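**Student:** Need the 3D shape of this:
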Amino acid sequence: MQTVFVGDKPIILTTKVEQETDFKNYLLETVSIEKIIKDLNSDTVKAARLIYKDEKKLLKKFLKLLPNVIAGGGKVYNDKGEILFIYRNDKWDLPKGKIEGTETIEETAMREVSEETGVAGLQIVKPLPNTYHIFKRNGKYKIKVTYWFEMKTNYKGKFSPQKNEGITKVEWLNAKQSQKALENSYANIRLLV
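**Tutor:** Sure thing, here's the model as predicted:
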């Protein structure tokens, strides 16, 4: 089962039909993705369940509904076990960005973390679950697929928030501060942290 977000509302990809309450069921084979997005943007529908018979092919089939934007990002820890957060568009987030040219997704993730924060000496520890969200750019909907990596660094220098990307702050947050920041973050980031 995968979850794709439209804002903070989930589209749950599943093989099981459940009794509707504050969510709606849709069949992947016949539904328009624009209809699901419109319903989720209303106040009455809190979530969508997108149903398809073959669990192995469900995500792949879903990703064909809209153009995909591939990104890489990092959940970065320092020596104290604090997590590197950025503050962008009035929300706390983790550094991430789009793949460029022929770089690998790992190279993308490390480059984006470094560009957005100024942090150096990054090492990938392990891959984390991917996140998926639908956004609108220039009047067209797209699905952003973000490949996340747990990273570590012993960097102790100054931060340099990437202002042209709307980043106004970069901070190391401890467990308590991270939980507070997640109250003003995105649903897919809350799942990741």
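**Student:** how long is stretch 180-188 from one end to the other?
**Tutor:** End-to-end distance for stretch 180-188, by Cα to Cα, to the nearest Å: 16 Å.
**Student:** Check the offset of that stretch from the chain's centre.
**Tutor:** Computed by Cα atoms, centre = their mean, to the nearest Å, the chain-centroid distance of stretch 180-188 equals 12 Å.
**Student:** Which positions in it come out as buried?
**Tutor:** By neighbour count on 16 or more other Cβ atoms under 10 Å, the buried set for stretch 180-188 is 181-182, 185-188. All C-beta spots, glycine's among them, are computed from the backbone N, C-alpha and C.
**Student:** Pick the one among the residues you listed closest to Gly74.
**Tutor:** Asn188 (14.4 Å; Cβ to Cβ).
**Student:** ok, back up a step: any idea which of the buried residues of stretch 180-188 is the one closest to Gly166?
**Tutor:** For the buried residues of stretch 180-188, the nearest to Gly166 is Tyr186 (14.1 Å; Cβ to Cβ).
**Student:** and the closest one, what is it in contact with?
**Tutor:** 5, 8, 91, 93, 133 (Cβ atoms under 8 Å, 6 or more residues apart in numbering).
**Student:** The same query, at a cut-off of 7 Å, please.
**Tutor:** Neighbouring residues of Tyr186 by Cβ atoms under 7 Å, 6 or more residues apart in numbering: 8, 91, 93.
**Student:** circling back to that earlier point, kindly reformat the buried residues of stretch 180-188 as JSON lines containing secondary structure, pLDDT and distance to Thr30.
**Tutor:** Output for the buried residues of stretch 180-188, formatted as JSON lines (DSSP: H, G, I helix; E, B strand; the rest coil; pLDDT from 0 to 100; distance: Cβ to Cβ, whole Å):
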{"residue": "Ala181", "secondary structure": "helix", "pLDDT": "97", "distance to Thr30": "40"}
{"residue": "Leu182", "secondary structure": "helix", "pLDDT": "97", "distance to Thr30": "36"}
{"residue": "Ser185", "secondary structure": "coil", "pLDDT": "96", "distance to Thr30": "34"}
{"residue": "Tyr186", "secondary structure": "coil", "pLDDT": "95", "distance to Thr30": "30"}
{"residue": "Ala187", "secondary structure": "helix", "pLDDT": "93", "distance to Thr30": "27"}
{"residue": "Asn188", "secondary structure": "helix", "pLDDT": "93", "distance to Thr30": "27"}
